[in-house]
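**Student:** Quick one, fold the following:
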Amino acid sequence: MDYAMLLGLRVAHVVGGAMWVGAAVMLAGFVVPAAQGPDAGGFMQRLMVGRRAQGYLMGTAVLTVVSGVALFARMQALTGGAFSRTDQGMAFGVGGVAGVAALLTGALVGGPASRALGTLGGRLRAEARAPSTEEAGRMARLQTRARWATRIAMLLLVTAVACMAIGRYV
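**Tutor:** Reported below is the predicted structural model:
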């Protein structure tokens, strides 16, 4: 791997990670908690679909994870596999696992819950009616799932950032 490629991967990893973590903190700390109640579905649909937030999050997440895996694999190749047994390699490895877990949490739990909430809210808005008792219960469950998924993903991402921040110095 040449030097330009290494720099490109590092920039992609750091910038993508900063954008992903910033968005996750904003969602978990402010947006999802504010998106409660009967119009939550419509709000989440406008944000995640209309504003393409879901694509932004997935794009930055995949960019960060793929570039991180490439950087880790490079170090493994240069050291004949010994890098992952060093303190630095273990710190970066734990951070990487936390990042992948955050990606999976968002893609498999938070994203589907937000999409389902948005679909339900959009249908209710199109029909200009309040949710039935059953729909209100489903919306509440979806809101809870989305809230917990964003919190867990945010905590995993903060763990990943902390590991990356100290990895060079352990």
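
**Student:** For stretch 12-20, list every residue counted as buried.
**Tutor:** Ala12, His13, Gly16, Gly17, Met19, Trp20 (16 or more other Cβ atoms under 10 Å). Where C-beta positions appear, they are placed from N, C-alpha and C, glycine not excepted.

**Student:** Tell me how far it lies from the chain's centre.
**Tutor:** 11 Å (Cα atoms, centre = their mean, to the nearest Å).

**Student:** Please point out which parts of the longest helix along the chain sit buried.
**Tutor:** The longest helix of the chain (DSSP state H) is helix 133-166. Buried residues in helix 133-166, counting neighbours by 16+ other Cβ under 10 Å, are found at 135, 138-139, 142-143, 145-161, 163-164.

**Student:** got it, and stretch 89-108?
**Tutor:** Buried-residue list, stretch 89-108, by 16+ other Cβ under 10 Å: 89, 91-96, 98-103, 105-107.

**Student:** And the next helix or strand past the helix-or-strand element of the chain with minimal mean pLDDT?
**Tutor:** Counting by mean pLDDT, DSSP states H and E, the chain has its least confident helix or strand at helix 40-45, which shows a mean of 63. Counting by DSSP states H and E, the next helix or strand C-terminal to helix 40-45 is helix 53-78.

**Student:** any idea of the mean pLDDT in that next one?
**Tutor:** For helix 53-78, the mean pLDDT works out to 93.

**Student:** Contacts only, for Ala91.
**Tutor:** Ala91 makes contact with Cys163, Met164, Ile166, Gly167, Val170, according to Cβ atoms under 8 Å, 6 or more residues apart in numbering.

**Student:** farthest pair in those?
**Tutor:** Comparing every pair within the contacts of Ala91 by Cβ to Cβ identifies Met164 and Val170 as the most remote, at 11.4 Å.

**Student:** Poorly predicted segments of the chain, please.
**Tutor:** 1, 36-51 (pLDDT under 70).

**Student:** Quick check: phi and psi on Ala128?
**Tutor:** phi 50, psi 50 (degrees, to the nearest 10).
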